[in-house]
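Asker: For reference, the sequence and a predicted model appear below.
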Amino acid sequence: MKASAFVVGPPDGPGAAVMDMAKGLGFASVANYSGIAAADGQARVTPLVFFLFSAVADVTSLRDVASAIRYATSRRIRFSPMVYFAETASVDTIKRCIDMGFDDVVTLPFTRNRLETRIERMVDRTQVYCETARYFGPDHRGVMDHDEDAGQYRRLEIVRSSDRGVSVVRDEICVAV
C-alpha cells in the first residue's frame, strides 16, 4: 500500500504493539506521530496518511491530537483515517472516539485479516463526512446524537486513494430534519 501510518501513543506498551502491527500491514512507512507538520510533509510523499491511536487509560486525553488532525488546514490530513485500538469494547470509549471524529474503533481480539479488511474499507470508496459547529468527521448521525447542532450542516462525500490522496466528490449544505 502506498499509504503511510503514524502511530499516536507511547513508544512502549500498547503504542509499540500498534507500531509492530502497522509495520506488518504493508504501509509504505510507519512512524511515531510527531505533529501535524511532520504528517503534512509525509502526505506530500505518500498522499494517504493513516493515524493509528494506541489504547490509553483515558481516551479523552487524545482529544487535542484528534482535533489537530480533524481541523488541519491540509485536506490530506483533515480527512485522514483515524483508528483507535481499544483493549476492551467499552461503549463509552467507542462513543467518545466517534465524538472526536474517529473513523473506526478496533477492539481486541483482532486478526491481521480483520485489520486489513477494515483498513481497505477506508480506501477507494465513498465516505460521508459531516461538519457542524461542534463536530467534524465521519457522518455518524444515528449512532451519535449531534442534534445539539440542529439546523444546517455540511455534508461531504470523499474518496481516499493511496495514489491521489483525498478527493471531495460532493460538498453540500443540508438542513437537519
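Answerer: Perfect, I can see it now. Numbering: from 1, shown residues only.
Asker: any idea what sits nearest Gln42, other than its immediate chain neighbours?
Answerer: Nearest residue to Gln42, sequence neighbours excluded (CB to CB, 6 or more residues apart in numbering): Ser4, at 5.1 Å. Yep, even glycine has a C-beta here, placed from its N, CA and C like the rest.
Asker: among the helices and strands of the protein, which has the poorest mean pLDDT?
Answerer: helix 112-120 (a mean of 91; mean pLDDT, DSSP states H and E).
Asker: Can you name the residues that contact the residue nearest to Gln42?
Answerer: Phe27, Ala28, Ser29, Val30, Ala31, Gln42, Ala43, Val45, Thr46, Leu48, Val49, Phe50 (CB atoms under 8 Å, 6 or more residues apart in numbering).
Asker: Which stretches in this protein count as helices?
Answerer: Using DSSP state H, the helices of the chain run over 14-23, 36-45, 63-70, 75-78, 91-99, 112-120.
Asker: Quick one: closest of those to Ser161.
Answerer: helix 75-78 (10.8 Å; CB to CB).
Asker: how much space between the residue positioned nearest the centre of the chain and Thr73?
Answerer: Closest residue to the average C-alpha location of the chain: Met82 at 1.5 Å, with CA atoms, centre = their mean. Distance, Met82 to Thr73, using CB to CB, to the nearest Å: 17 Å.
Asker: what's the answer for Val45, then?
Answerer: 18 Å.
Asker: okay, those two: which has more neighbours?
Answerer: Counted by other CB atoms under 10 Å, Val45 and Thr73 do not tie: Val45 has more neighbours, with 11 against 8.
Asker: now the closest residue in space to that one that isn't next to it in sequence, which residues is it bridged with?
Answerer: Once flanking residues are discounted, Val45 sits nearest to Ser4: 7.5 Å by CB to CB, 6+ apart. On the basis of DSSP bridges, Ser4 is bridged to Ser29, Val49.
Asker: circling back to that earlier point, wait, doesn't the residue nearest to the centre of the chain sit right on Ala66?
Answerer: Yes: Met82 lies in contact with Ala66 (CB atoms under 8 Å); the separation is 6.3 Å.
Asker: list residues touching both of the two?
Answerer: Common contact partners of Met82 and Ala66 (CB under 8 Å, 6+ apart): Phe53, Met100, Gly101, Phe102.
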